[in-house]
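**Student:** pasting a predicted model and its sequence here:
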Amino acid sequence: MHSCRRQVASLGAKMPFNLLVLACLAYVAFLFLVAFAGERRAAMGAMGFLRSPVVYTLSLSIYCTAWTFYGAVGYAARSGLEFLTIYLGPTLVFIGWWWVLRKLVRIGRQQRVTSIADLISSRYGKSNILGILVTVIAVVAATPYIALQLQSVTQSFGVFASETPENWALPNHDATVFWVAAGLALFTIVFGTRNLDAKEQHHGIVIAIAVEAVVKLVALLAVGIFVVWGLGGGPVAMIGRIETIANPAWMIQPTRWAGLIFLSAAAVISLPRMFQVMVVENVEEDHLARASWAFPLYLVLMNIFILPIAVVGLELMPAGANPDMLVLTLPLSQGQGGLAMLAFLGGFSSATSMVIVETIALATMVSNHIVMPVWLWLRPDTARTGDLRGGILLSRRLSIMAVLALGVAYFKMSGGSNALAAIGLVAFAGMAQVLPAILGGIFWRGGTKLGAVLGLSIGFVVWAYTLFLPSFGEGAMLSAEIFRNGLFGIGWLRPQALFGTEGMDPLIHALFWSFSLNTAAYALGSLLSFPDPVERVQGVSFVNAFDEESQAERLGWTHGQAEPEALLNMAQRILGDDAALSFFETETAAQGKAGYLPDLTPAFLAALERRLAGSVGAATAHAMISQLFGRATVTVEDLMAVATEAAQIMEYSAQLESQRSELTRTARQLREVNEKLTQISAQKDAFLSQISHELRTPMTSIRAFSEILTEGDLPPKMVADYGQIIHAEAQRLTRLLDDLLDISVLENGSVQLNLGLASITDMIERALVAASQTRPERRFEVQRDPTREAIFVRTDPDRLVQVFINLISNARKYCDAEAPRLRISVRQKGGRVMVDFIDNGSGIPKEAQGLIFEKFARLSDESRAGGAGLGLAICREIMANLGGTVAYLPGQKGAAFRVSVPLRLDPAAGVAAKETLRV
Amino acid sequence: MAHVLLIEDEANIAEALRFILARDGWQVSVYADGAAGLAAVTALQPDLLILDLMLPNLSGLEVLVALRAAAATQDLPVLMLTAKGQERDRAAAEAAGVSAFMTKPFDNAEIRARVRALLGG
């Protein structure tokens, strides 16, 4: 066994250090290209696959850092299956608690949350203290974690590189860690601070992270497959080996398992880098649905070969070999240089992706919550005058370097000696302290700033005292004296036996106390304090995030980058449609474009803001455009101030506007009434003049002839003729009076309708008989289709017959054809019957067609047969009373009228129809 | 024998007037249409024109204006009859140079007196 091992080691394919460096540089260059291409496509707006659910899920895999890639095997070698707890927690959260994540993502998008510190500070009334507190916790908790990544990269370099490089570098740990950190800082600065995006999204980095996720998964699977089938003799043999090698340290400890599952579940929600990829970089809420099963699947694949690698590694490798490097040393010892190289790149990917994202997340927090506030406080004039972009970018870049420098410092200080897993768990427990404030913040309106500050501070202090500081070892940060006798010699303040709880696992002990005290302080502080208004507003909008969304949609506020249409809509709502359109058109033309949608240049936005400011006030205009365009995040205080200002302006202008429009309305009504009265008066004069004429004409004849007859001396023939004239003119007078009375009754609506059921056939027959007395001497042909007339109508049959008589008589009177012919056709359509009367005469001239239904609109006096010119006017009134219409049908050969009548007359409908007609 | 030309579109009224004036010994011609009547006046040079106001084709007022514009007829006596009987119509007719204005219905004796007066009898 021993000799075998030696032989294996001597076969190890070590690599020249500079070759390794070249491989790393090539890999990093490849990532640069990927990130660069991603940025380019994002800038062109053609993201497509780049922001798909697959990429989202892969980006979530930064949960699996070098700690997973190298450390899980080490963990398994030391404690058996316990490493699984670190992945069970996230799995449970993604599968069982994904609605919590969805709420976080929703709130993140609604509130434009840029980091976990921003989330908490924003929830508790944009509190600066909370922002700083969370940032400090995050930096303190993450620094060891970043150091851990640097350490694993450095260790892997050390394992891999055998010979001293020829001339240009020493495989010195310190130098390696420095160069790795510098390279990562460069990469992060280039892609993390290329430009300022209000949403803090980094498309290039996300795609690079996704590629690294694939590399690390493939590498780990490749090593696993090699180990199980190449070294272990297949899965069945593997299980046997696992059972043989299992030792007492591998026993499952239920408390530790429960604690660790809880811890990793908390971590996946609260780790800054997880929050960054899960919430901040999220482009589509639905992606979470895919991730809820795909991410756990990724975790399963990452973990499936961990135990076999650990078991085979323990068997094959020398007793002193670092179990944390088994993934690398195992293939190396078997002479699998290529596989080892792949494993090295996988580990490198795990470490770099974590460091990049974590650094961006931390730098955003440090810059937004610490550096910028301090800078603005020191130089208040820059906020008013200067361009903040340069300052923000600079502070971001400095923060990135500072965070990485902290990591390097920690690495050097701690000496890189701790087991990877231990550092990871310490970091988890620290960051998890924000969990009560987050969950309370999104599910409990009662959570207040005071509660959050108390909970976070107490949790953080307890964590630092019971876990973080002791993790450096006895005598390093805390003296051995404190370990034994407690702080200030108080026994129940011993860091690993708080309140006398001895014999607990130190991690579980720290977790229990920090979390209990944190949660209790949060709850008590919240119950005992009152939120200020801003806090209250934010609390409601966080807890009711899903309602808020529908509200925001109703208001038409988009959360994404504003489209020109969105700005136009907003402007239309404020300036009015025409004013907004013409403003946009002018601005578009000024840009040399056609249409209404200009490019969103700063000049245009400034002009739009000025224009809107004229209507709603400067602050509101600025807030609205900022909100829509996402040029800057608008604080809740801004919006509250603006809301007050806007409310006053709006109320005042609304009052003015309503008074003005009321006056305008009244004036218009008066004008309309006046016009109507004038019109009615003129109509009345014309009507009276017409009636006078129509009455005087027959009376003139009657009077003249009666005088002639009374004067005597006339031959009997003339007496008879003149008597006949008097009689005819007297009849004409009677008819006229009848018509006048008729139309008066119809127009007043006081007509009594005698509703009954009658067939169209019968009514046409009756009308034809009655109308035959008009010009009876004339031959007059009527064409009908009796089969189509067999329709029963519920109406006033006498009135409808009166209309038919009028139309037939008119045809008999006025049709000027040689052989006059009238076609009566009937058609049923919907609930109405249409009866058309079309003759073969020359019809009615177009210019007269609009007049014929007016009273006394007789067109020609030539062939008049005693009509007073009221017939069609009466027809129109009758049809209105019957809920139907009569109209001239243009475009026929002769004169054509269409009568349309409902199958069933509902008296109310008839009156209504008449009313509309009258108006 | 003086010649009276009558333009009236109501056939019965025209017949009554024709009878009355013929009985008084005047020569009467009847036209029922404005345009035809105007042409007849120009052609026949009557001694008196009795003119209805509401006429087809040309209204009585238009006929009157046309007559007053022509040298041959500018002094022709014109008696205008109307059933509308509105003050506005009378004013318009007088402005256009009507000789006499009567509303329908009329008194037979009155119209005979007016005709006699206009014909200088």
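**Tutor:** Yes, it's here.

**Student:** quickly note the distance from the residue in the stretch 51-200 of chain A positioned nearest to chain B to A:Ser122.
**Tutor:** Of all residues in the stretch 51-200 of chain A, A:Gln110 sits closest to chain B, at 76.3 Å by Cβ to the nearest Cβ. (Each C-beta comes from the backbone N, C-alpha and C, glycine too.) Note on A:Gln110: its distance to A:Ser122, by Cβ to Cβ, to the nearest Å, is 10 Å.

**Student:** in terms of neighbours, single out the busier of those two.
**Tutor:** Remark: of A:Gln110 and A:Ser122, A:Ser122 carries more neighbours, 26 against 17, as counted by other Cβ atoms under 10 Å in any protein chain shown.

**Student:** how is that one assigned, secondary-structure-wise?
**Tutor:** When classified by DSSP: H, G, I helix; E, B strand; the rest coil, A:Ser122 comes out as helix.

**Student:** how close does it get to A:Glu358?
**Tutor:** Applying Cβ to Cβ to A:Ser122 and A:Glu358 gives a distance of 21 Å.

**Student:** same check on A:Glu587?
**Tutor:** With the distance defined as Cβ to Cβ, A:Glu587 ends up 43 Å from A:Glu358.

**Student:** which residue of these two possesses the greater neighbour count?
**Tutor:** Neighbours were counted for A:Glu587 and for A:Glu358 using other Cβ under 10 Å; A:Glu358 has more, 28 against 21.

**Student:** and the strand or helix carrying the more buried one, what's its mean pLDDT?
**Tutor:** Assigned by DSSP states H and E, A:Glu358 belongs to helix A:337-365. Mean per-residue pLDDT for helix A:337-365: 84.

**Student:** does anything pack onto the next helix or strand after it? Which helices or strands?
**Tutor:** Next in sequence after helix A:337-365, counting helices and strands by DSSP H and E, comes helix A:372-378. Taking 3 or more Cβ pairs under 8 Å, 6 or more residues apart in numbering or on different chains; DSSP states H and E as contact, the helices and strands that helix A:372-378 lies on are helix A:381-384, helix A:388-414.

**Student:** by mean pLDDT, show me the worst of these.
**Tutor:** Per-stretch mean pLDDT for the helices and strands packed on helix A:372-378 is lowest at helix A:381-384 (a mean of 52).

**Student:** please enumerate the helices of chain B.
**Tutor:** B:11-23, B:34-44, B:60-69, B:87-95, B:108-118 (DSSP state H).

**Student:** Throw those into CSV and include distance to A:Asn569 and mean pLDDT, thanks.
**Tutor:** Output for those, formatted as CSV (distance: least, Cβ to Cβ, whole Å; pLDDT from 0 to 100):
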stretch, distance to A:Asn569, mean pLDDT
helix B:11-23, 73, 92
helix B:34-44, 65, 91
helix B:60-69, 62, 91
helix B:87-95, 59, 87
helix B:108-118, 79, 92
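
**Student:** minimum distance to A:Met413: which of those helices has it?
**Tutor:** Closest approach to A:Met413 among the helices of chain B is made by helix B:87-95 (114.9 Å; Cβ to Cβ).

**Student:** would you mind listing the buried residues in the closest one?
**Tutor:** Buried residues in helix B:87-95, defined by neighbour count with 16 or more other Cβ atoms under 10 Å in any protein chain shown: B:Asp89, B:Arg90, B:Ala92, B:Ala93.

**Student:** contacts only, for the residue nearest in space to the middle of chain B.
**Tutor:** Centrality entry for chain B: nearest residue to the mean C-alpha point is B:Ile50, 1.4 Å, by Cα atoms, centre = their mean. Counting by Cβ atoms under 8 Å, 6 or more residues apart in numbering or on different chains, B:Ile50 touches B:Val4, B:Leu5, B:Leu6, B:Ile7, B:Glu8, B:Leu17, B:Val78, B:Leu79, B:Met80, B:Leu81, B:Val115.

**Student:** so A:Phe295 touches A:Ser61, yeah?
**Tutor:** Yes: using Cβ atoms under 8 Å, A:Phe295 is in contact with A:Ser61, at 7.3 Å.

**Student:** pull the number of nearby residues for A:Leu81.
**Tutor:** A:Leu81 sits with 16 neighbouring residues when counted by other Cβ under 10 Å.

**Student:** can you check A:Ala289 too?
**Tutor:** Residues lying near A:Ala289 (other Cβ under 10 Å) number 13.

**Student:** what helix or strand is it located in?
**Tutor:** Going by DSSP H and E, A:Ala289 is in helix A:287-303.

**Student:** that helix to helix A:337-365, inter-axis angle?
**Tutor:** Here helix A:287-303 points in a direction 140 degrees away from that of helix A:337-365 (axes from the mean of the first three to the mean of the last three Cα atoms, to 10 degrees).

**Student:** mind listing what's buried in the helix or strand following helix A:287-303?
**Tutor:** Sequence-wise, the next helix or strand downstream of helix A:287-303 (DSSP H and E) is helix A:306-316. Under the neighbour-count criterion of 16+ other Cβ under 10 Å, helix A:306-316 has A:Ile306, A:Leu307, A:Pro308, A:Ile309, A:Ala310, A:Val311, A:Val312, A:Gly313, A:Leu314, A:Leu316 buried.
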